[in-house]
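1. The following comprises the amino acid sequence and a computationally predicted model.
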Amino acid sequence: MSVRRGFGVAAGLEASVAGPLAARCTELGYESLWSNDHPAASGLETLARFADAAPGLDLGVAVIPLDRHSVGEIAAQIEALELDPARLWIGVGAGFTKRPRPLMDAALVDLRRELPGVRLVLAAMGPRMCELAGSSYDGAFFNWMTPEFATTAREWVEAGAREAGRPPPPVFGYVRTALGDDAADRLAKEEAFYRELHAGYSNHFQRLGEPEGTVGVAAASADEVAAKLAAYDRALDVVVVRGLASANVEAMSAVAAAAAPR
């Protein structure tokens, strides 16, 4: 099986870090670079910092919540930042919306019209959103899953595609990855934040039934990182390694090197 990996960061990474990191990820064999999006920093702006340093790599945001950004705003920002639509994977989600499936179903018409040439990925955790990703979007994006749960969620995506009479789209997923003596603490801190973020995440972690601080990869060595990520490679088309490291070139590059496709 050919291993496909992307590398992801938190939005707002400084240009002085983003450029060298992007170049290093190219050398390491990654196929894409990703950022999240949050109220304090724009994921698309972070992609623009990656773009010139890694011209051969795809660029993705996972995800932009449509309860906080309009489709028109997203389109205008892509144009203002001069991002090439053909390189983009734009992940979208329902954010804090109480009825996510109807919102994301209805939004697809506007997304296709306003973002021509952009590949659209749906944030999905439960069966209904996974089925919608499979039936209508260009990809599904998972978050905070074990390899076992991701395998089940992938089956939901494939079921949606079968129902729509089309091939299943690719399945991406963030895998939080920390390296070093403090790896377990970094993973536990990140996970604790999401467990309490909103009811959707709280319910998701309850479904997983995993001990706190264990969803993802925390490892003392590069070999251990590689071994733990291998289980995710079997569940996902593209593992997007979300580096849990200090926001400097050395620390981020160390995680990228440990998690690079082999």
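-> Great, that's in hand. Numbers count the residues shown, from 1 in each chain.

2. Could you check how many residues crowd around residue 22?
-> Residues contacting residue 22 under the criterion other CB atoms under 10 Å number 25. For glycine as for every other residue, the C-beta is placed from the backbone atoms N, C-alpha and C.

3. Helices of the stretch 101-250 of the chain, start to end?
-> 127-136, 147-164, 183-195, 199-208, 222-235, 249-259 (DSSP state H, counting those that start in this stretch).

4. Those helices into JSON lines, with extra columns for distance to residue 172, mean neighbour count and mean pLDDT?
-> Shown next, in JSON lines, are these (distance: least, CB to CB, whole Å; neighbours: other CB atoms under 10 Å; pLDDT from 0 to 100):
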{"stretch": "helix 127-136", "distance to residue 172": "10", "mean neighbour count": "22", "mean pLDDT": "97"}
{"stretch": "helix 147-164", "distance to residue 172": "10", "mean neighbour count": "18", "mean pLDDT": "98"}
{"stretch": "helix 183-195", "distance to residue 172": "17", "mean neighbour count": "17", "mean pLDDT": "97"}
{"stretch": "helix 199-208", "distance to residue 172": "17", "mean neighbour count": "14", "mean pLDDT": "92"}
{"stretch": "helix 222-235", "distance to residue 172": "11", "mean neighbour count": "17", "mean pLDDT": "97"}
{"stretch": "helix 249-259", "distance to residue 172": "15", "mean neighbour count": "20", "mean pLDDT": "98"}
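
5. Which one of the ones you listed lies nearest to residue 33?
-> Among these, helix 249-259 comes nearest to residue 33, with 10.0 Å by CB to CB.

6. Just list what the closest one packs against, helices and strands only.
-> Here helix 249-259 touches strand 5-9, helix 15-28, strand 171-179, helix 222-235, strand 238-243, going by 3 or more CB pairs under 8 Å, 6 or more residues apart in numbering; DSSP states H and E.

7. Residue 52 contacts residue 18, doesn't it?
-> No - using CB atoms under 8 Å, residue 52 is not in contact with residue 18, being 9.9 Å away.

8. And these two? Which one has more around it.
-> Between residue 52 and residue 18, counted using other CB under 10 Å, residue 18 has the larger neighbour count: 27 against 12.

9. ok, now which ones touch that one?
-> 9, 46, 49-50, 53 (CB atoms under 8 Å, 6 or more residues apart in numbering).

10. So which of these is the closest to residue 95?
-> For these, the nearest to residue 95 is residue 46 (18.6 Å; CB to CB).

11. which residue sits closest to that closest one in space, ignoring its chain neighbours?
-> residue 35 (3.9 Å; CB to CB, 6 or more residues apart in numbering).

12. And the pLDDT at that neighbour?
-> Residue 35 carries a pLDDT value of 98.

13. same check, this time on the one 4 residues further on
-> Taken from the predicted model, the pLDDT recorded for residue 39 is 94.

14. contacting residues around the residue nearest to residue 253 when sequence neighbours are not counted?
-> Of all residues not flanking residue 253 in the chain, residue 24 sits nearest, at 4.9 Å (CB to CB, 6+ apart). Each residue near residue 24 by CB under 8 Å, 6+ apart is listed here: 249, 253, 256-257.

15. for the residues you listed, which one is nearest residue 134?
-> Among those, and counting by CB to CB, the member closest to residue 134 is residue 256, at 30.1 Å.

16. Distance of the closest one relative to residue 5?
-> Separation of residue 256 from residue 5 (CB to CB, to the nearest Å) stands at 9 Å.

17. who touches both of the two?
-> Joint contacts of residue 256 and residue 5 (CB under 8 Å, 6+ apart) are 30, 241.

18. what does stretch 122-133 contact?
-> Taking CB under 8 Å, 6+ apart as the rule, stretch 122-133 contacts 62-63, 91-94, 100-101, 104-105, 121, 136-137, 139-145, 153-154, 156-157, 159-160, 163, 169, 200, 204.

19. follow-up on the earlier one: any idea how far the residue nearest to residue 46 is from residue 222?
-> Counting by CB to CB, the gap from residue 35 to residue 222 is 24 Å.
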